[in-house]
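Need the 3D shape of this:
(chains A and B)
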2 protein chains.
Amino acid sequence: VHRFYVVAFPHSGEFDLPADEARHLFRVLRLRPGDTIAVFDGDGREVLARVESAGSQHVRVRAIEPRAPAAEARVRVTLAQALLKGDKMDRVISDAVMLGVAAIQPCVTRRTDVPMRALREGGRQDRWQRTVVSSVKQCGRAVVPRIQETKPFTELLRSGLPEPRLMFVEPAAGVHAAEVASLEQQRPAEATVIIGPEGGWDPRDIDEARSAGVTLLSFGERVLRADAAAAAVLSVLRYIWRDL
Amino acid sequence: VHRFYVVAFPHSGEFDLPADEARHLFRVLRLRPGDTIAVFDGDGREVLARVESAGSQHVRVRAIEPRAPAAEARVRVTLAQALLKGDKMDRVISDAVMLGVAAIQPCVTRRTDVPMRALREGGRQDRWQRTVVSSVKQCGRAVVPRIQETKPFTELLRSGLPEPRLMFVEPAAGVHAAEVASLEQQRPAEATVIIGPEGGWDPRDIDEARSAGVTLLSFGERVLRADAAAAAVLSVLRYIWRDL
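Numbering: from 1, shown residues only, chains lettered A, B, ... in the order given. Here you go, the predicted model:
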């Protein structure tokens, strides 16, 4: 059943889909009155609904009954990801949503290779949010994780991110870092996972993080591509916390 | 240091780079005589080498000393991946190489949505092999995993893949499947990991696999996108087997 995102829809009775969802339902999926869809509110609630009337501008649906979305992860993880070039950030966001993150916090590190201008002009925040919604639809969640405003790394460390804060460093960094297995003892209620950019961490980033009380972790002997690291780390953390 | 792939280069002394690697060195990376590079043979051996002469057609280098590549994984994993559409297969291959697979075996299942014609005409096998080499260069391995010829799923099950054979099924499949944690007891010498296509497994695929003695496993409650599933599963298996 196709899933549509409607912020704060009424608990029962009829309501309209937003214009973009209406267009998608009518034009792309070619659904018609009588068809059954699912509607979720981005905040954890989902219902089955029936299409009552449909056109390319207006689609009216009627809630039928509550529907159980995919279970949310037990550990509320915020992914703090250094900006990546091109569409790599979209891949990271899409994967992270699928792996159950509660929020995404983009950041700019000393080696981040994305001009701030590209950030401001590119409408990136909007595109990222669309990527989030698209991934939410695919993976069956009814919660839409927030993408926080991009912050410089130094500011991020002072911004009250959920504890524990876990920063992953490359094996070659020559930094004393604990093994990820050291997290096996207990499952936290929340956590922040910090992943670096293509060029890796600058030693000053690492020093700053350590001084700020962040836990440095290594992910074994392998070098992971920047755009694949978050998914690998999140998969293993979910496993360690029995939260897959 | 930039890494180049040269099959069976001599242990010491001078040798030429293949034409495509020579072009890349000279035209793209603009390296010149005196520059230091690394050369690996795809079979686990790597040396540091110096560029002796360079042009867009011919590059001659001299081996200086052996160099330790990234350690190979202890468990030799063959990834049997159902074909995916468009460039999704390339993403899977690239991630799998980074996560240390020994070989990749593409297969066609009942719900595989890729026409066999596209397979034959598209030069896919060549493209996949280039994706493998590119990922090997990035992640520091000196072994180039092989991509086996694409097989129908039924034939794959009879083809003597490394044991244990672990097939991942969706939580919704209603199939009795063990938790991935059941693999924690011991680290095998090798294994086959079987991942399905976008449309999921057909119940007949699952029945066939079970009859053939394949172990069915579930990866928790979450639905993973087909092009992200292999990386998530491989990350967790490496963790479970203390083989990151």
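
For the rest of this, base every contact and every neighbour count on C-alpha atoms.
Will do.

Now do the same contact list for the residue sitting nearest the centre point of chain A.
Nearest to the mean C-alpha position of chain A, by C-alpha atoms, centre = their mean, lies residue A:97 at 3.7 Å. Neighbour list for residue A:97: A:132, A:135-136, A:145 [criterion: C-alpha atoms under 8 Å, 6 or more residues apart in numbering or on different chains].

With secondary structure, neighbour count and distance to residue B:179 added, can I get these in CSV?
As requested, the contacts of residue A:97 are exported to CSV (DSSP: H, G, I helix; E, B strand; the rest coil; neighbours: other C-alpha atoms under 10 Å in any protein chain shown; distance: C-alpha to C-alpha, whole Å):
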residue, secondary structure, neighbour count, distance to residue B:179
A:132, helix, 23, 28
A:135, helix, 21, 25
A:136, helix, 25, 24
A:145, coil, 22, 27
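
In the residues you listed, find the pair that's most separated.
Among these, the pair separated by the greatest distance (C-alpha to C-alpha) is A:135 and A:145, at 10.3 Å.

where does chain A come near chain B, residue by residue?
Contact residues, chain A versus chain B (C-alpha under 8 Å from any C-alpha of the partner chain): A:70-71, A:95, A:98-99, A:138-140, A:219-225, A:228, A:231-233, A:235-236, A:239, A:243-244.

In ChimeraX, how would I select the buried members of the residues you listed?
Entered in ChimeraX, the line below selects the buried ones among the residues of chain A next to chain B, by 16 or more other C-alpha atoms under 10 Å in any protein chain shown:
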select /A:70,95,98,99,138,139,140,219,220,222,223,224,225,228,231,232,233,235,236,239,243,244
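
Who are the contact partners of residue A:184?
Residues in contact with residue A:184 (C-alpha under 8 Å, 6+ apart) are A:240-241.

give me that answer again for 6 Å
Taking C-alpha atoms under 6 Å, 6 or more residues apart in numbering or on different chains as the contact definition, residue A:184 lies against residue A:240.

On the three-state scheme, it is what?
Of the three states, residue A:184 takes helix according to DSSP: H, G, I helix; E, B strand; the rest coil.

ok, now which ones touch residue A:103?
Applying C-alpha under 6 Å, 6+ apart, we find residue A:103 in contact with A:78, A:145-147.

Considering those residues, which possesses the most neighbours?
Using other C-alpha atoms under 10 Å in any protein chain shown as the neighbour test, the contacts of residue A:103 are led by residue A:78, with 26 neighbours.

That residue and chain B, how far apart?
18 Å (C-alpha to the nearest C-alpha, to the nearest Å).

thought residue A:38 was touching residue A:48?
Yes: using C-alpha atoms under 6 Å, residue A:38 is in contact with residue A:48, at 4.5 Å.

does the residue nearest to the centre of chain A belong to a helix or a strand, and which?
Assigning secondary structure by DSSP states H and E places residue A:97 in helix A:88-98.

same deal with residue A:193?
Using DSSP H and E, residue A:193 sits within strand A:190-195.

Please name the strands paired to that strand in the sheet, noting orientation.
Strand A:190-195 pairs in its sheet with strand A:76-82 (parallel), strand A:165-169 (parallel), by DSSP bridges.

Residues contacting the longest one, please?
Read that as strand A:76-82. By C-alpha under 6 Å, 6+ apart, the residues outside strand A:76-82 that reach it are A:101-108, A:190-197.

how does it look with 7 Å?
For strand A:76-82, contacts defined as C-alpha atoms under 7 Å, 6 or more residues apart in numbering or on different chains pick out A:101-109, A:112, A:189-197.

Okay, buried residues for stretch A:10-28 please.
Buried residues in stretch A:10-28 (16+ other C-alpha under 10 Å): A:14-18, A:21-23, A:25-26.

Among these, which lie within helices?
Residues of the buried residues of stretch A:10-28 located in helices (DSSP state H): A:21-23.

Closest to residue B:169 out of the residues you listed?
Nearest to residue B:169 among these, counting by C-alpha to C-alpha, is residue A:21 at 30.9 Å.
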